[in-house]
Each structure stands twice: as structure tokens, then as C-alpha cells.
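[1] fold the following for me, if possible:
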Amino acid sequence: MKNIQKYFAIILILFIIISGILPYINFGEEKILKIGVVDSGCSEDQNINGYITFTNTSYGYPSNDRSVYDTLEHGRFVCQIILDNTDNVEIYSAKIAHSSGILTYEGLFAAVIWLAEIVEVDVINLSLGSGGILNEKLLDIFDKYKDSIVFVAASGNTGSTSDSSEGKGDWPAILPWVVGVGSYLDEPDNPAYFTAKGMGYYGIYTSEFSTDGYYEGRYGTSFSTPMITATFVNLMQKLMDMDISYNTNNLIALLSSIENTFDDDIGWSIPNLDNLDFSPVIAIESPEIFKDLTRFKDETWTKRIKISSYDVDRLSEYISFSGNGSNAIKEYTIKEFSWGNILEMNISGNSPTSANYLININNTLGNSVTYSFDINSNSNGSILFDHRSSINSYSHQYGEFYSLEEDIRSQGFIVENQFLMNNIDIDNFDAVFAIRFLQMDYTESGTLVRDIDTTLLSSYLEYMNNGGYFLAFTDIATRSRSEDINSFLKNINVEYTNTSITGDDPVSVSNFSKSLLMDGIVNFEFIGQSIRSLDNNSMEIGWVARSKTVGFEKIIEYLPIGVAGNYSLGKFVILGSSYSLTTESYFTIYDLYMNRFIRNLLSEL
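    This is a model prediction of the structure:
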């Protein structure tokens, strides 16, 4: 009897284990596509094959939200759109949005791993995202599975403050191996005011596809995304029925071949699969004409464009170049990946005349595009935007400091952006701008930092020692790294006080030192921390007056916003804010003088 009970117990345990595994195993010959939805959860009454939640303290949430279902009126709509537009699929819900609205990176990572490794999904829908910030962890989680999973993500709803070049798209849509989704309203020629625009990693357009962003009284790229997910799934099913293998590269190319006009705001509009003929195709992800920044005769640069292809062995046989700028291409390569291809052109501005130049990228199997740029005379010098100590170090050229670069170029200076942690000779530059210096992203959704590279910081001191002009712009999010910042700043007798001058809203600074650096400046907007001088070799460049109660008496204290000074043969400026440098505020009615500050800096070079 004991043996019978023992065997029964073993059988019961095995039954429970197998029952838990069965939902994720397909024993039939027919392949059933699996879709993962990372969101606030689906609804209990929807036909979902599996639910899980990661909204507990183990993944960085402030409390345990144990419900696997949607309580935020968001994920259920995303799931319903997919259900309404697909057949014969399995859908798995991974909840990472807490009932309070909080999301954490740890929850997101766990959800993606569960869907990828346990459920083994084919597609993951992400109607969510964060600002376009990237560090190694954020990059790696999607890089790890990009060859086996099609990721479809909302580009974001920050378009109301963006222009076509600002690069305000959300992570992870800014990654070129993630299909970014924008929105239009009613018709493709009416890009939604809210849809994020611009470029992401590699300088590739963030939004690759779009559809109507309206759903049951709600607007947003969140509701465009599941429609595009469903379109990808339906195409994958067609290819499986035809016994044709595919990857993300092939899928994008086939879908884009139906709607062959690429819009720089929203990419390709949602296609009708009935119009697909499965002919070989090459799709260039660029509008018909793309205008670049002003370039100089003594400048060389790299331009990258994403290309998708289907049923094409050698892309180079179908791509050619023409136009008066084609001779400026010194070399080009087409790098092939499972998610697409990158055309990389190395271009020299060493032309006989200053003029507008056109490089026609001719494509015999799809859309052709034109890359346009002006070349001026030789430059007045070169500036390095160094993002290597910022959490945003995997950003891109056409990002949030686009207007700053554009303005500096208008003053005759070459600007280069350095993101990756590789060697670069900063002594070749007349000035180095360390933007968002030693930044930490400290938010409700977790803390992301970059490791401090002491060699990098030492190179800044050596650069000034050799006569270089070093400018560091800190950020509101750096306050938790005051010790790291001060360990560097003490070398130049400057202190980061860890005193926040503002909250999340900017203040207008109007008290400035009398110096050439601040000449002509009446005010500018500031969000950041106080930076003060510790000796006579530097000066504080401006102050914010703030009332303070000491005992029973109210006094006015003046908090310095930054310091300028000399170090050995070089110069430095340390400003407690990067806010006014962003495209969102640079050259706006709210900040009329930051560009004057930058031009005063350039006049000292």
C-alpha cells in the first residue's frame, strides 16, 4: 500500500510538472506562432494562453502587485487589438506595469527572458518604453535575442515637443533591430502630433511602420504597435504556409515593398498583405531626399542608412551611386545582419568648391533615395561632443543635442560625437564638451549607471594640461554621483555641492559675472545643481538667488550655477546643467541666450 501511495505521489508530481510545461510545447507538426505582450497585463476574460506578473519587490517595485491582470486600462486594449487581427496564434501576457503605474528595468528584463527562454515566443509586442537612454544592460537584453525574436515597440508619444531631427524616440524602439512603430491620424499623410520622430542608434530612423493611433477613444503609439505586430504575425504565417524561411530583415523588406514611400516621421504606413507578390526586394529606410548638416572641406564623416532585403543574395549588385557628391564617397560597405543591413559610407568634404552636393543611392529592386549636404570652406576648428561618461553614451548624431551641433557648425566648427568607450585622441580637438558628465539615471524604474573610467577622467586633465579647452555639463540626475564628480573636480579646485538649485522645472538665471564669457547674456533657463569655485584661479559665472530661513530670519543665498577657470595651459568651464543644451530648449523663446553663451565660448578658441 505504501508503494502504491508512493508511486501515485510520483505520478501526481509528474502530472503537475508536465501540465505546467504543456502550454509552452507544441507537439503537432503545424507551427503555432507565439506572441508575447509585455505591458500592464491582459484582461481575465480574454483568450490568453498564459499570464505572469513580475510586479513585486524582487524586481525593484515598491510593493507586491500580485494580480496578473490589467488594472491600468492599457494592456487589455493592446491584447485585444492583437486578438482581433490574428488567427490561430498563442498569446502570453508578461505584466511589468505595477497597479501604481511604475515600471522597472528589472521587471522588463525578467519578462523578456521568460518569454524568450521559457515560452520561446516568436514575436514580442512592447507598447511601452523609456526615454532614449542606453547603457550596456539596456542594449544587451534586446541584442541577446534579436536573431530569434521579432521585437515590435512603440516609438513613443513625445512628438509634440519634437521636430523631425530631434531623436526623441523611446527605448527600445530606437534600436535598429527593434521594429519601431509610429502613428498617423486617419490617413498616412497626417502624422500624429504625438508620435515620436527622429533617429536612434546608428543614426537610423526610429519609426519604421505606422498605422492609425486611435483606438476606442484613446490615442498613442501604444495602440499602433499591436496592429503592426499583428501584421508581422500574419506575414509570418503566410511564409510558413509557403514553406519559406524568414528573419526580421526579410519581413521588413516584404512589408515595405507594398508601401514603397518612406516618411521620415512615421516610416512606412501599414500595408495590405493582399497586395504582396513575394518578388525580390530591397528597401532603403530613408525619405526620398535626406538633408544633412553643413559640412566642411577639411571634414570626413560616416553616413549610415538601414536597408532591408528579401530573396537577395548580394545587395551590392543592385545598389549604385550617382550625383555630384558620389565622388566624395571614399569607400562604402554593406554590413549584413539577421535584422537588416547597414549601408555605411565614408565621405570626404575635400571638394574643389563650396556647394550643395547630392549622392543618389540607386536601387533597382526598390526605392531610391538622395542624400544631400552642403560643403562650406575649411572649418575654424573642431569640437568633440564626448558622451562617454553619460548613460546616453549609445545615442546618436541626430539626437537631443542636434540644434546645439547645428548652431556650432553655423559658426564654422566641425562637431564630432563620441559615444562608445574606445580610444580617441582628444588632443586633435580645440574643445571637448563632456555632456551629461558622469550622469546617473535615478528614477522610479531603477538606477542605471555607467562604470567610472578613471583613464577617461585622467585624459581630460592631461588634455587641459596640454592647452585644451574642457567643458563639462552635468545633469539633474547626477546628484547621486557627487563623490565621483568631486573626485575629479578637486583637481581643478571646483566643487559640486550636491545642492539642487531647482526641482523638475527650470528657473531663469539672470545674475551673471562680468566677463567675456557671459557678455551679452541677460538670462537663460537652468535645471541642475550648484557648482562653486574653491580658489582664485577660477570664477563663478552666475548665481540663482534663493530665500532661506535661518532661525527666525529670512536671508537670501546665492547659489552658483557654474565655474570657469584655468588649469595648467588649458581652460575649463563646469556648468551644473545640460538642460539648455537640448534641442527641446535650445533656440526657444524660453531660452534666448544659451546660444550666446556657446558662441562666447567659441570666440575664446
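[2] buried residues in stretch 485-494?
    In terms of neighbour count (16 or more other Cβ atoms under 10 Å), stretch 485-494 has its buried residues at 485-486, 488-489, 492, 494. Glycine gets a C-beta too; all of them are placed from N, C-alpha and C.
[3] please apply the same query to stretch 179-194.
    Residues of stretch 179-194 classed as buried by neighbour count (16+ other Cβ under 10 Å): 179-184, 188, 191-192, 194.
[4] now, which of those sits nearest residue 307?
    Compare each of the buried residues of stretch 179-194 with residue 307 using Cβ to Cβ and the shortest gap goes to residue 179, at 14.9 Å.
[5] surely that closest one meets residue 252?
    Yes: checked against Cβ atoms under 8 Å, the pair residue 179 and residue 252 is within contact range at 6.9 Å.
[6] so what sits against both of those two?
    residue 208 (Cβ atoms under 8 Å, 6 or more residues apart in numbering).
[7] mind listing which of the buried residues of stretch 179-194 are in strands?
    Among the buried residues of stretch 179-194, the ones falling in strands (DSSP state E) are 179-184.
[8] all helices of the stretch 451-600 of the chain, in order?
    Per DSSP state H, counting those that start in this stretch, the stretch 451-600 of the chain has helices spanning 454-465, 482-489, 594-603. These are given in chain order.
[9] typo on my end, it should be the chain
    Assigned by DSSP state H, the helices in the chain fall at 2-21, 75-84, 105-113, 136-143, 221-241, 248-258, 402-410, 454-465, 482-489, 594-603.
[10] now tabulate the ones you listed in a markdown table and tack on distance to residue 169.
    As requested, the helices of the chain are arranged in a markdown table below (distance: least, Cβ to Cβ, whole Å):
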| stretch | distance to residue 169 |
| --- | --- |
| helix 2-21 | 38 |
| helix 75-84 | 19 |
| helix 105-113 | 17 |
| helix 136-143 | 14 |
| helix 221-241 | 9 |
| helix 248-258 | 17 |
| helix 402-410 | 13 |
| helix 454-465 | 28 |
| helix 482-489 | 29 |
| helix 594-603 | 24 |
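[11] quick one: closest of those helices to residue 527.
    Comparing the helices of the chain under Cβ to Cβ, the one sitting nearest is helix 594-603, at 12.3 Å.
[12] can you point out the buried residues in that closest one?
    For helix 594-603, a neighbour-count test (16+ other Cβ under 10 Å) marks 594-595, 597-598, 600-602 as buried.
[13] what helices and strands are in contact with it?
    In this structure, helix 594-603 makes packing contacts with helix 402-410, strand 524-526, judged by 3 or more Cβ pairs under 8 Å, 6 or more residues apart in numbering; DSSP states H and E.
[14] repeat the analysis, applying 7 Å as the threshold.
    Contacts of helix 594-603 with other secondary structure elements, assessed using 3 or more Cβ pairs under 7 Å, 6 or more residues apart in numbering; DSSP states H and E, are made with helix 402-410.
[15] the helix it packs on - contacts with which helices or strands?
    Using 3+ Cβ pairs under 7 Å, 6+ apart, the elements in contact with helix 402-410 are strand 413-418, helix 594-603.
[16] nearest to residue 363, of the ones you listed?
    Of all the helices and strands packed on helix 402-410, it is strand 413-418 that lies closest to residue 363, at 28.2 Å by Cβ to Cβ.
[17] what's the angle from that closest one to helix 402-410?
    With axes from the mean of the first three to the mean of the last three Cα atoms, to 10 degrees defining the directions, strand 413-418 sits at 140 degrees from helix 402-410.
[18] sheet partners, orientation included, of strand 413-418?
    Paired strands of strand 413-418, with direction, are strand 381-386 (parallel) (DSSP bridges).
[19] for the partner strand, which outside residues touch it?
    Identification of contacts with strand 381-386 by Cβ atoms under 7 Å, 6 or more residues apart in numbering yields 401, 405, 408, 413-418, 426, 429-435, 605.
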